[in-house]
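# return a 3D structure for these sequence lines:
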Amino acid sequence: MCVQSSIASVLTYACMKFIASPSLTWGVFSSLFTLQVNFDRSLKHGTGQMIGAVLGTAVGVATLHFFAAPDNALLRLSLATLVTCLSSTIFPTTNYSIVVAAALALEPSAGIAGAFARAEAIVAGAAIGIAVSVSVWPQLARSRAFDIMGELLDDSRALLTTLPILHPVEDRTSVDALHERFLRHLVEARAVCGETRVRARFETGSTLAAALNAFQTLWHGLVLLDRVGQAQCASLPHQERDALIERIDAVCHCANSYLKALAEWMRGGVPLPPTQRFLGPLHDAAAAVRARVGGSEVMPLQSQALSTLSFALDQIESNLANIGRVLEMRFHP
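Numbers count the residues shown, from 1 in each chain. Coordinates of the predicted model:
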């Protein structure tokens, strides 16, 4: 971004000098304010500054027309800031209009010609900033969103490995830390996906928001499995636990492998993993756990514990299948 700022400021300076603009400083500032951490945000801010320059100029010129007397400067400033603040409340990216309108209200000596020259410089600076953002080491919000979604999948894998299923736990620090890390990444991912303007869908057509919802649903299933794994542990004798651990480990292994393959796909370089390749063995392993429910040798309390555990595993399987449907779904306009 430092290189982008340097190039944008130099180009804007040269452009303003070439057209002999009296508002060179405004143009340079506009180009620098346009540049953000990624192109999507630069495009949003730059477009907002262009609209804000036009709106602020119109409001400022209107106050000069109706309240031209020099002693009306405070009235002009109040009206200009009131109108532009109200408009920027509805359209936040146009808040640059407040500065433009206030400058005109306080410095009427520039006149109409000076006001339009200032707006022209701001628009040109914003356009140069957008052009530099997309042409010099461009960073797309989409790329950052994919990286964070890969982190979400890694967090889910870590939870599957760490959850105390059928094991008593004395210290939940590591498990709770993983839940908190997932939620932090989820909030960050939603913010980045919300500002994505360029290629805001997967190649299959699904939206980034739909994928995030599917990942959050998977986390809900992991929370359920976490709570069930602890609550029902005491209801099962050691012999029953030992018989289930191998099957549950198989479920976690299949889910872990699928999430790992999805994370690698998110980061690029590998094809989208086929859902059935992983969920087929996962379904078989979960079915083996369901088969224990209602057995003649199982006591009622144990049967309830097994049913609850089976339900939690079914949710994990269903949520993973939902992720596959979302990512593999083809979009038809």
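# show me the contacts for residue 183.
Listed by CB atoms under 8 Å, 6 or more residues apart in numbering, residue 183 has no contact partners. All C-beta atoms are positioned from the backbone trio N, CA, C, and that covers glycine.
# residue 160: neighbour count?
For residue 160, the neighbour count with other CB atoms under 10 Å is 20.
# from residue 172, how far out is it?
16 Å (CB to CB, to the nearest Å).
# which element is residue 187 on?
Using DSSP states H and E, residue 187 sits within helix 173-194.
# could you identify the helix or strand that succeeds that helix?
helix 208-231.
# and the angle from the following helix or strand past that following helix to helix 208-231?
Later in the chain than helix 208-231, the nearest helix or strand by DSSP H and E is helix 238-266. Note on geometry: by axes from the mean of the first three to the mean of the last three CA atoms, to 10 degrees, helix 238-266 and helix 208-231 are set 160 degrees apart in direction.
# so which elements touch helix 238-266?
Here helix 238-266 is seen to pack against helix 141-162, helix 275-290, helix 300-328 when contacts are counted using 3 or more CB pairs under 8 Å, 6 or more residues apart in numbering; DSSP states H and E.
# including mean pLDDT, could the ones you listed go into a markdown table?
Converted to a markdown table, those look like this (pLDDT from 0 to 100):
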| stretch | mean pLDDT |
| --- | --- |
| helix 141-162 | 89 |
| helix 275-290 | 74 |
| helix 300-328 | 80 |
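# let me have the ones you listed in CSV, extended by distance to residue 222.
Formatted as CSV, these follow (distance: least, CB to CB, whole Å):
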stretch, distance to residue 222
helix 141-162, 5
helix 275-290, 14
helix 300-328, 7
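# any idea which of the ones you listed is most buried?
Counting by mean count of other CB atoms under 10 Å, helix 141-162 has the highest mean neighbour count of the helices and strands packed on helix 238-266, with a mean of 21.
# list the contacts of it.
With CB under 8 Å, 6+ apart as the contact definition, helix 141-162 has outside contacts at 38-41, 174-175, 178-179, 181-182, 185-186, 188-189, 192-193, 195-200, 208, 211-212, 215, 218-219, 222, 226, 252, 255-256, 259-260, 262-263, 266-268.
# buried residues in stretch 57-70?
57, 58, 59, 60, 61, 62, 63, 64, 67 (16 or more other CB atoms under 10 Å).
# wait, stretch 99-110
Neighbour counts over stretch 99-110 (16+ other CB under 10 Å) mark 99, 100, 101, 102, 103, 104, 105, 108, 110 as buried.
# for those, which one is nearest residue 17?
residue 110 (19.3 Å; CB to CB).
# one step back: buried only: go through the contacts of helix 141-162 for me.
Buried among these (16+ other CB under 10 Å): 38-41, 175, 178-179, 181-182, 185-186, 189, 192-193, 195-197, 200, 208, 211-212, 215, 218-219, 222, 226, 252, 255-256, 259, 262-263, 266.
# what is the three-state secondary structure of residue 68?
Per DSSP: H, G, I helix; E, B strand; the rest coil, the secondary structure class of residue 68 is coil.
# can you tell me, leaving aside adjacent residues, what's nearest to it?
residue 108 (7.3 Å; CB to CB, 6 or more residues apart in numbering).
# you'd agree that neighbour is up against residue 66?
No. Residue 108 lies out of contact with residue 66 (CB atoms under 8 Å); the separation is 12.0 Å.
# how near is the residue lying closest to residue 221 once chain neighbours are set aside to residue 37?
Nearest in space to residue 221, with sequence neighbours left out and distances taken as CB to CB, 6+ apart, is residue 315 at 4.1 Å. Residue 315 is 37 Å from residue 37, where distance means CB to CB.
# repeat that for residue 121.
When residue 121 is compared with residue 37 (using CB to CB), they lie 25 Å apart.
# higher neighbour count, these two?
Counted by other CB under 10 Å, residue 121 and residue 37 do not tie: residue 121 has more neighbours, with 26 against 14.
# show me what the helix or strand where that one lies is packed against.
Using DSSP H and E, residue 121 maps to helix 111-135. Contacts defined by 3+ CB pairs under 8 Å, 6+ apart place helix 111-135 against helix 2-18, helix 24-34, helix 39-66, helix 96-106.
# would you list the ones you listed in TSV and tack on mean pLDDT?
As requested, the helices and strands packed on helix 111-135 are exported to TSV (pLDDT from 0 to 100):
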stretch	mean pLDDT
helix 2-18	88
helix 24-34	90
helix 39-66	88
helix 96-106	86
